[in-house]
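Trainee: Fold the stuff below for me.
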Amino acid sequence: MTVPARLSKYRDRLAQEAEHLRPAGPERAAEWAKILTGSYPTARPPEPEIYARAIISVLAECPADLGPVVVDRITRRSKWLPSRAEVAEAVEEVVTERRAEYSRMRRALAEHERRKAQAALEAQIERDRDTVQRGIVELLADLRSGRMNRKAV
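Mentor: Okay, here's the model as predicted:
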C-alpha cells in the first residue's frame, strides 16, 4: 500500500474513532454472553441469571466489532467458565489495543504532516538561497564590469 493510500485509510478510520469505540450495549452483549457460556457445555454457575447479567454488563461496554474478539480470546485461553473480572480484563485488553491502534495512526499522520512541512520549509530555504546567490552573482558581475559606481554600493 502506498503512503498516500495508507494515510487516507488512517484519516478515514480516525474519523470513525468515536463510533468504533462506542459500547455495543446489552442486546449485542447478550448474544456474546450466550456464545461464551455455550462454549463451556459442562459449566453450571450457581446462579445462572446473576452470572449472565454480570457477564452481559461487562460485554456491553465492548465495541460491537470487538465483542466476538473478546469471546474468542476468552474461549481460547480459559478452560473454565470465566469470572466477571476475567471478562472485564479481556474487554479492557481489546479496547486498549484499539485505542493504541488509533494512537499509532494519529502519530503517523502527525509525523507525515511534520515531514511535509519540513520539506516545504527546506524547499523555500533552497529557493531563497538560489535567489540570494543569483543576486550576489549579478552584483559581482556589475562590480567587475564597472557598471556600478562606488556610491550605489
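
Trainee: next one: stretch 18-27 to chain centre, how far?
Mentor: Centre-to-centre, stretch 18-27 and its host chain are 17 Å apart (Cα atoms, centre = their mean, to the nearest Å).

Trainee: Can you mark which positions in stretch 16-29 are buried?
Mentor: Neighbour counts using 16 or more other Cβ atoms under 10 Å place His20, Pro23, Ala24, Arg28, Ala29 of stretch 16-29 among the buried residues. From N, CA and C alone the C-beta is placed, and that goes for glycine too.

Trainee: Endpoints of it, how far apart?
Mentor: Using Cα to Cα, to the nearest Å, the end-to-end distance of stretch 16-29 comes out at 21 Å.

Trainee: now for the host helix or strand of Val137, which elements pack on it?
Mentor: Val137 is part of helix 84-145, with elements assigned from DSSP states H and E. The criterion is 3 or more Cβ pairs under 8 Å, 6 or more residues apart in numbering; DSSP states H and E, and the helices and strands that helix 84-145 contacts are helix 3-15, helix 17-21, helix 48-59, helix 67-77.

Trainee: buried set for the helix or strand of the chain with the lowest mean pLDDT?
Mentor: Across the helices and strands of the chain, the lowest-confidence element by mean pLDDT, DSSP states H and E is helix 3-15, at a mean of 81. Under the neighbour-count criterion of 16+ other Cβ under 10 Å, helix 3-15 has Leu7, Tyr10 buried.

Trainee: Tabulate the buried residues of stretch 16-29 (JSON lines), appending pLDDT, distance to Tyr40 and secondary structure.
Mentor: Written out in JSON lines, the entries for the buried residues of stretch 16-29 read as follows (pLDDT from 0 to 100; distance: Cβ to Cβ, whole Å; DSSP: H, G, I helix; E, B strand; the rest coil):
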{"residue": "His20", "pLDDT": "85", "distance to Tyr40": "29", "secondary structure": "helix"}
{"residue": "Pro23", "pLDDT": "94", "distance to Tyr40": "24", "secondary structure": "strand"}
{"residue": "Ala24", "pLDDT": "94", "distance to Tyr40": "22", "secondary structure": "coil"}
{"residue": "Arg28", "pLDDT": "97", "distance to Tyr40": "20", "secondary structure": "helix"}
{"residue": "Ala29", "pLDDT": "97", "distance to Tyr40": "17", "secondary structure": "helix"}
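
Trainee: Now the residue nearest the centre of the chain. Nearest residue, chain neighbours left out?
Mentor: For the chain, the residue whose C-alpha lies nearest the mean C-alpha position (Cα atoms, centre = their mean) is Tyr102; its distance is 1.6 Å. Distances taken as Cβ to Cβ, 6 or more residues apart in numbering place Glu17 nearest to Tyr102, at 5.3 Å, with adjacent residues excluded.
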